[in-house]
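> Sequence plus the predicted model coming up.
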Amino acid sequence: FPKLISENEGASYHFKIGDFDCYCINDGGLDYSIEHFFKNVPEEQVEKVQSEHNLPVGPIYTPYTHLIVNNGEQLILVDMGAGRVLPNNGKLPITMKSIGIEPADIDTIIITHAHPDHIGGTLDEKGKPVYTNARYYIWKGEWDFWFSDEAFEKTNEFFVNTAREQLSPIKNMITFLEKESEIVPGVNIIEAPGHT
């Protein structure tokens, strides 16, 4: 069972998959309006179900958690959190330190997709990479989308600008993936479009 490690700045869950040590790390979270989660359902119906299950009625809090995997050779981080681009976030580096991992210890970063809650923590307040020793991996089609004119037509300007501002400075640190492959021992990348 996962072991909860609590700190003032956040929390993490430790668990193992085979010989791999894994940690779910909290970056913060955000309150979403009911409409973000439930389309075509009256708000009153959602609030009734929330109340019946002793949940807070109204906006739905969603924590942003990210995965660290130690495969014995690399420290792999999956996504970098929202950082300062969203309110009540940016706790990922602090929570990592609470379990003995410094941002500079991370040598592999997998970017699942470039929504603000996944890449907003790429750069520090000076515009420099938080994870200075990492090699980044992203699906080439994901990168191409966010840097295309089409992106402004299909999603909001904040999402597009955040992706460009956060990812452009690390372009020379990125490996662009075009086929499913093993990027480090025991970690395979598969294509799973849909969310983006």
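Arrived safely. Numbers count the residues shown, from 1 in each chain.

> Show me where this structure has its helices.
Ranges of helices in the chain, per DSSP state H, are 34-37, 43-52, 92-98, 116-119, 140-146, 150-154, 157-167.

> What distance do you get for T65 to F176?
26 Å (C-beta to C-beta, to the nearest Å). No exception for glycine: its C-beta is placed from N, CA and C like everyone else's.

> Of the two, give the one with the bigger neighbour count.
Set T65 next to F176 and count neighbours by other C-beta atoms under 10 Å: T65 wins out with 21 against 14.

> Once you drop chain neighbours, what's closest to the more buried one?
Nearest residue to T65 in three dimensions, chain neighbours excluded: C24, at 4.7 Å (C-beta to C-beta, 6 or more residues apart in numbering).

> try F38
Spatial nearest neighbour of F38, excluding adjacent residues (C-beta to C-beta, 6+ apart): V46 at 5.3 Å.

> Give the closest residue to the residue nearest in space to the middle of the chain in space, chain neighbours not counted.
The structure's the chain has its C-alpha centroid closest to H118; by C-alpha atoms, centre = their mean the separation is 3.1 Å. For H118, ignoring the flanking residues on the chain, the nearest one in space by C-beta to C-beta, 6+ apart is D79 at 4.1 Å.

> how many other residues sit next to the one you found?
25.

> Quickly note the distance from it to P56.
Applying C-beta to C-beta, the value for D79 to P56 is 26 Å.

> Also P116?
Distance of P116 to P56, given as C-beta to C-beta: 24 Å.

> So which of those two has more stuff around it?
Neighbours per residue (other C-beta under 10 Å) separate P116 from P56, with P116 holding more: 21 against 11.

> Buried residues, stretch 23-37. List them.
Neighbour-count burial for stretch 23-37 flags Y23, C24, I25, N26, D27, G28, G29, L30, I34 (criterion: 16 or more other C-beta atoms under 10 Å).

> do the same with stretch 53-69
Neighbour counts over stretch 53-69 (16+ other C-beta under 10 Å) mark I60, Y64, T65, H66, I68, V69 as buried.

> now, among those residues, which is nearest to E52?
The closest of the buried residues of stretch 53-69 to E52 turns out to be I60 (C-beta to C-beta; 15.1 Å).

> Settle this for me: the closest one is touching G29, isn't it.
No. At 10.2 Å, I60 and G29 do not qualify as touching, with contact defined as C-beta atoms under 8 Å.

> now the residue nearest to the centre of the chain: how far from E142?
10 Å.

> Next, show the common contact partners of the two.
Counting by C-beta atoms under 8 Å, 6 or more residues apart in numbering, the residues touching both H118 and E142 are I111.

> What about D124, how many residues nearby?
That count, for D124 with other C-beta under 10 Å as the rule, works out to 16.

> Test my guess that it contacts T132.
No. D124 is beyond contact range of T132, at 9.6 Å (criterion: C-beta under 8 Å).

> residue contacts, the residue nearest to F38?
Neighbour list for V46: I34, F37, F38 [criterion: C-beta under 8 Å, 6+ apart].
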